[in-house]
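Peer 1: Structure of the sequence below:
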Amino acid sequence: MNDNQKERLLKIAETNPELAKDVVDILKQEFQQSNEPIAVKMVKSEEDKIEITVEQKRYATKYIATIVIGVLFSFILGIITIVGSIYDDRFIIMIFAVFGLIVIVIFSSWYFGYKAGMPTIKSFLSRHFKWS
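Peer 2: You can find the predicted model right below:
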């Protein structure tokens with residue numbers, strides 16, 4: 001906002017404070033929208049048009065469940081591996097179990113992510129988490 005606009009806004013504020021508040025709100029919205037590149041605006045408008053099917057929602061749920069289960073089991077097996085590292089035979093088995101679990105989680109999450117489509121997963125997560 002340049003100096004002339006500020007002076008005009010002050011004059012309006014003296015006579016009509018509600019109108020000045022509305023003008024400030026409009027200017028804030030325009031400023032926020034003008035900082036986004038055109039490509040970002042186009043992608044946002046395309047994401048609004050995407051229709052998500054029931055099957056995609058089901059695969060998105062499986063994708064998130066796979067990630068959560070994989071992280072939990074990896075954490076648990078990692079702790080068991082560290083605690084049980086005194087026993088040589090169990091240590092080797094746990095190492096294979098951890099790496100096997102990692103491979104299974106990566107491929108299953110890739111498959112569910114592929115079947116659901118990333119826009120579906122993004123919209124599913126945006127309902128539960130706020131992105132900055």
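
Peer 1: Give me the buried positions along stretch 60-73.
Peer 2: The neighbour-count check on stretch 60-73 (16 or more other C-beta atoms under 10 Å) flags 60, 62, 63, 64, 66, 67, 70, 73 as buried. (Each C-beta comes from the backbone N, C-alpha and C, glycine too.)

Peer 1: now the fifth one: how far from residue 8?
Peer 2: This means residue 66. 57 Å (C-beta to C-beta, to the nearest Å).

Peer 1: Point out where this structure drops to low pLDDT.
Peer 2: 1-3, 5-6, 9, 30-50, 84-88, 90, 120, 124, 128-132 (pLDDT under 70).

Peer 1: Got the domain ranges for this structure?
Peer 2: 3-35, 52-126 (automatic domain parsing).

Peer 1: out of those, deepest packed?
Peer 2: domain 52-126 (a mean of 14; mean count of other C-beta atoms under 10 Å).

Peer 1: Is it correct that residue 91 is in contact with residue 80?
Peer 2: No - contact criterion C-beta atoms under 8 Å: residue 91 and residue 80 do not qualify, at 9.9 Å.
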